[in-house]
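1. Next comes the sequence, and after it the predicted model I'd like to discuss.
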Amino acid sequence: MKGLCFLGFMFVGGLLVLAVVCGVFFLVVKMMRGGLGTGGGTDQSEETRMIQEIYQGLSRMEERVDSLETILMERQKKEG
């Protein structure tokens, strides 16, 4: 059971690392194309919308991680 918990936490940690790497990659590409926020109003509103979508996605992922941690802890209590 300890191995399953460890694998679960490693999976969740891997997802978080992947999300951070993707975010950094997005920022680097954006900066190479002409900087952040240097475009017109349309570009800025699109960037704002994308950032809000990313934030909402990360919030949902955080809720899922919390749920998974709770499930794993309850299983460990039942088996232990």
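-> That came in fine, so what should we check first? Residues are numbered from 1 along each chain as shown.
2. Where does pLDDT dip in the chain?
-> 1-4, 34-41 (pLDDT under 70).
3. Not including adjacent chain positions, what is the nearest residue to Val12?
-> Val65 (5.0 Å; Cβ to Cβ, 6 or more residues apart in numbering). Heads up, the C-betas are built off the backbone N, CA and C, glycines and all.
4. Run the chain-centre distance for the helix of greatest length in the chain.
-> What stands out as the longest helix in the chain, according to DSSP state H, is helix 41-79. Its chain's average C-alpha position is 6 Å from that of helix 41-79, according to Cα atoms, centre = their mean, to the nearest Å.
5. still on that earlier bit, would you mind confirming that the residue nearest to Val12 is in contact with Gly14?
-> No: applying Cβ atoms under 8 Å, one finds Val65 not in contact with Gly14, separated by 11.5 Å.
6. which of the two has more neighbours?
-> Between Val65 and Gly14, counted using other Cβ atoms under 10 Å, the more crowded position is Val65 (17 against 10).
7. Give the full set of residues in contact with that one.
-> 12, 15-16 (Cβ atoms under 8 Å, 6 or more residues apart in numbering).
8. Would you mind measuring from it to Lys78?
-> 21 Å (Cβ to Cβ, to the nearest Å).
9. same check, this time on Gly8
-> From Gly8 to Lys78 the distance is 15 Å (Cβ to Cβ).
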